[in-house]
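Trainee: Next comes the sequence, and after it the predicted model I'd like to discuss.
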Amino acid sequence: MADTPPNNNAAPEPIVGAQENIAEFTIKSLIAGIFFGVLFGAANTYLGLKAGLTVSTSIPVAVMTVTVFRALRMFGSRSTILESNMSQTIGSASSSLASGVIFTIPALFLWRADPSLLRISLLALLGGVLGIAIMIPLRKFLIVREHHNLPYPEGTACAEVLNASEGKKAKAGPLFAGLGIGALYKFCLGFLHLWNETPKTGIVGLPKAQIGIEATPALLGVGFILGPRIGAVMVAGAAISWVIIIPILNYIWGDLTSPVFPETVKLVSEMTTSEIWTRYIRYLGAGAVAMAGIITIIRSVPTMVESFKLGVQEIAARRNGQAGESLRTQRDLSMKTVGIIVGLIGLAVVAVPGLVGGFESIIGRIVVAIAIIVFAFFFVTVSSRIVGLIGVSSNPTSGMTIVTLLGTSFVFYAMGWTDMIGQITALSVGTVVCVAASIAGDTSQDLKTGFLVGATPYKQQIGEFIGAMTSTWAVAYAVSVLHHAYGFGSTHLPAPQATLMKTVIEGVLAAEIPWTLVGIGAAFALVVEAFKIPSLPFAVGLYLPVSTMTPIFAGGLVRWLVDKRLPKGATNPDRDRGVLYASGFIGGEGLIGVGLAAWTYFVAKPGGIGDAWAGPFSSVISLLLFVGLAWVLWRRRAAM
């Protein structure tokens, strides 16, 4: 027996054994999870509308849960690792829900459709419940059978955080320090306006080229979490747009005496750099993101096929009475339950006029229901698989949504549904699918954590449903307040992803898109893929302002410098402390950002002190403070 080689494919022993029955699904874990879900959901909503991306909140929620539960011990309340895991399962659902909402819903405001709080909440709720339900049958294949091939980075890290909290002091200091710094920094910028938030400058010899940096802690934290490679790819895409393509367009079209489509008023020579980016570069970026999304789907086809086969085999086994699983750690919600949930959602879309979109005809609502379920099935599978490799923060949800919108819009175009109701309905379909794909990625990470710590799968799945249903209203309210405070499409809240989705729909249904620019963007994505460079981060960089990408690159650079100082044997918890600090930056700025929006909405826009005191050095001060932020992140992280 001693010579028998180890079974490297065997599942690891969970922290809590399958035969142990300890507290898990409790009132305390429910209340904590719901509270943290609302808190981080609002922060992620602000971040996504500002930067066009969100980050996973599983680790911050886990750390805060452990900290709060430890504090409750002073009052005689004992907690288990499974209660902490349940709290983070419920609490982290809000971040992915926010992603799906902010990537699409602001487009309705840009069309002046002004959806009600109830409509936003219902669309998010439909997508959240559908995504969780479709992901449940995938657990045995993606989480259990593919354990050694799909690490699910946030899920694994979260399990280590929970495990580390057992028997020693929970190390929440970095998270709370980051929260404080991020909140103070945003207060000085948003309420007091003490210095220039976005220093920018032109480039000598390149007319209308521009570089800049949005010097904020949240974007620095995002870059640290994403890492140096993704940050470098994103800033490269942005640099190509703002330093190369914009000057080229200005050179080619600058002497023309008539506007260039899709612009109908201004000459290119009269446009600012930002106007050229808005009227031309965004279409090019849309083509790149769409092609990158299609590439992602093609690569995920084998996973879809394998997961579908596994689901069919499980149904057949249950029908034949061969499903004999009885261990606590192997019990999922049944396929029958999943089928009922999916069926009820489809039935509701067909039976209730106006639930998704504005079609009155039964045929239109049937088409909508079919589109939602088909696209959700494909992209929940893609999302659940891909986050196992790259994590939730890098999940290409926007690419999946674009493909959904393209497919739905082409069907609507063929059916003649090209008016504003058709556009709103197509976007509503995209919203439900986007939320479903996004929350499926988070559910996968949470179930991975549960797999490692020994949670009960069906209880976690119920927790996911509760997290989605409770945080839906908070995210919807944050979206509404932020819109009324700043307006989507503004400099403060550009809502880049939603603007992109609006562009895609208008391009197909209203024929208002310059397909040549879209095609050039798609070609960029193909060329980048040919050089083995991840096309989706590059495409996102091509689409977003360079000032948004530079701080993300800076955060990735700090991560690279930090990792170089780590000893070779550094453990994942050692690395995760840096992620906690960066998450604090994001959470602190995001929470103050939402608070600032609420203040603007209910009271008045803060006038602040202004940056006149800094004179011509306002931008220099901004850069120095940003460097100071990076130094704090590097110094504190490297010293741990």
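Mentor: Perfect, I can see it now.

Trainee: and after the helix or strand containing A414, which helix or strand comes next?
Mentor: A414 is part of helix 397-415, with elements assigned from DSSP states H and E. Following helix 397-415 in sequence order, the next helix or strand is helix 420-453 (DSSP H and E).

Trainee: Can you name every helix or strand that the following helix or strand past that following helix contacts?
Mentor: Using DSSP H and E, the helix or strand that follows helix 420-453 in sequence is helix 457-486. Secondary-structure packing of helix 457-486 (3 or more CB pairs under 8 Å, 6 or more residues apart in numbering; DSSP states H and E): helix 27-51, helix 81-102, helix 106-110, helix 117-135, helix 420-453, helix 572-602. Backbone N, C-alpha and C define where each C-beta goes, glycine included.

Trainee: Centre of the chain to the first one, how far?
Mentor: In other words, helix 27-51. On the basis of CA atoms, centre = their mean, to the nearest Å, helix 27-51 is displaced by 13 Å from the centre of the chain it belongs to.

Trainee: The helix or strand encompassing G182 packs against which elements?
Mentor: Secondary-structure assignment from DSSP H and E places G182 in helix 173-190. Applying 3+ CB pairs under 8 Å, 6+ apart, we find helix 173-190 packed against helix 58-72, helix 217-226, helix 572-602, helix 618-638.

Trainee: out of those helices, deepest packed?
Mentor: With neighbours taken as mean count of other CB atoms under 10 Å, the helices and strands packed on helix 173-190 reach their highest mean count in helix 217-226, at a mean of 29.

Trainee: what's the average pLDDT for that one?
Mentor: Across helix 217-226, the average pLDDT comes to 83.

Trainee: quick one, that helix and helix 173-190 angle?
Mentor: If you take axes from the mean of the first three to the mean of the last three CA atoms, to 10 degrees, helix 217-226 sits at 140 degrees to helix 173-190.

Trainee: other SSEs contacting helix 217-226?
Mentor: If contacts are counted by 3+ CB pairs under 8 Å, 6+ apart, helix 217-226 sits against helix 27-51, helix 173-190, helix 546-565, helix 572-602, helix 618-638.

Trainee: who touches that helix?
Mentor: Residues from elsewhere that reach helix 217-226 (CB atoms under 8 Å, 6 or more residues apart in numbering): 47, 50-51, 53, 55-56, 178, 181-182, 185-186, 231, 234, 393-394, 548, 551-559, 578-579, 581-586, 588-590, 626, 629-630, 633.

Trainee: re the thing from before, reformat the helices and strands packed on helix 217-226 as a markdown table; add mean pLDDT.
Mentor: Shown next, in a markdown table, are these (pLDDT from 0 to 100):
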| stretch | mean pLDDT |
| --- | --- |
| helix 27-51 | 84 |
| helix 173-190 | 84 |
| helix 546-565 | 88 |
| helix 572-602 | 70 |
| helix 618-638 | 86 |
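
Trainee: So for L126, which of those helices sits nearest?
Mentor: The closest of the helices and strands packed on helix 217-226 to L126 is helix 27-51. By CB to CB, the value is 17.1 Å.

Trainee: Give the buried residues for the closest one.
Mentor: For helix 27-51, a neighbour-count test (16 or more other CB atoms under 10 Å) marks 28-30, 32-51 as buried.
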